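Undergrad: how would this look folded up:
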Amino acid sequence: MKTPELAQIADILPPPLPVSAAGHSGLYVVLTVAFISVVIWFLTSRSHAWQLHRLRRQHQQQTINNRQLAFNLAQLLCHEYHLPRFSPLLAPEHIDDNNWHNFAAELHTARFSRHSLDNDSLMQLLEKTRHWLQKKP
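TA: Residues are numbered from 1 along each chain as shown. The predicted model follows:
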């Protein structure tokens with residue numbers, strides 16, 4: 001009687017082995033981290049352009065005036081360059097350029113002058129701001 005029982009046991013197939021996910025999980029983690037890094041890089045690199053576009057549109061729609069535009073540009077530069085405040089005397093650490101000081105003086109004048117700059121001058125300041133934001137390391 002032992003033989004038929006052994007034959008019945010021998011007919012039983014063991015369950016299939018689980019798919020080895022251990023070898024692929026590291027790859028999935030690396031791909032996920034790489035994807036998230038690319039998305040963050042893309043969003044931060046485009047955020048300057050979006051913010052400048054938004055400010056230009058608000059100024060054209062007259063929801064902000066010339067002085068508010070100048071203050072917003074200075075605030076954007078302070079945030080991106082980690083400056084405590086925007087001043088022609090304070091330059092970011094890696095910039096030792098006379099052009100920065102001239103630009104900062106123009107923006108300072110646009111912020112605090114009694115007479116507002118014309119729209120062409122403000123659009124030039126907007127483009128110069130774009131230049132300095134792109135120059136940021």
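Undergrad: Poorly predicted segments of this protein, please.
TA: 1-4, 6-10, 18-24, 44-46, 137 (pLDDT under 70).
Undergrad: Which neighbouring elements make contact with the helix or strand hosting residue 40?
TA: Using DSSP states H and E, residue 40 maps to helix 22-60. Contacts defined by 3 or more Cβ pairs under 8 Å, 6 or more residues apart in numbering; DSSP states H and E place helix 22-60 against helix 66-81, helix 119-135. Placement of C-beta: from N, CA and C, glycine included.
Undergrad: go with 6 Å
TA: helix 66-81 (3 or more Cβ pairs under 6 Å, 6 or more residues apart in numbering; DSSP states H and E).
Undergrad: quick one: contacts of the helix or strand just after the helix it packs on?
TA: Counting by DSSP H and E, the next helix or strand C-terminal to helix 66-81 is helix 98-112. Applying Cβ atoms under 6 Å, 6 or more residues apart in numbering, the external contacts of helix 98-112 come out as 70-71, 74, 88, 91, 117, 125, 128.
Undergrad: Could you rerun that using 7 Å?
TA: 66-67, 70-71, 73-74, 87-88, 91, 117, 122, 125, 128, 132 (Cβ atoms under 7 Å, 6 or more residues apart in numbering).
Undergrad: Of the residues you listed, which is the nearest to residue 35?
TA: Within the contacts of helix 98-112, proximity to residue 35 (Cβ to Cβ) peaks at residue 132, which comes in at 30.4 Å.
Undergrad: Residue 67: how many residues sit nearby?
TA: 15 (other Cβ atoms under 10 Å).
Undergrad: ok, now how distant is it from residue 25?
TA: 56 Å (Cβ to Cβ, to the nearest Å).
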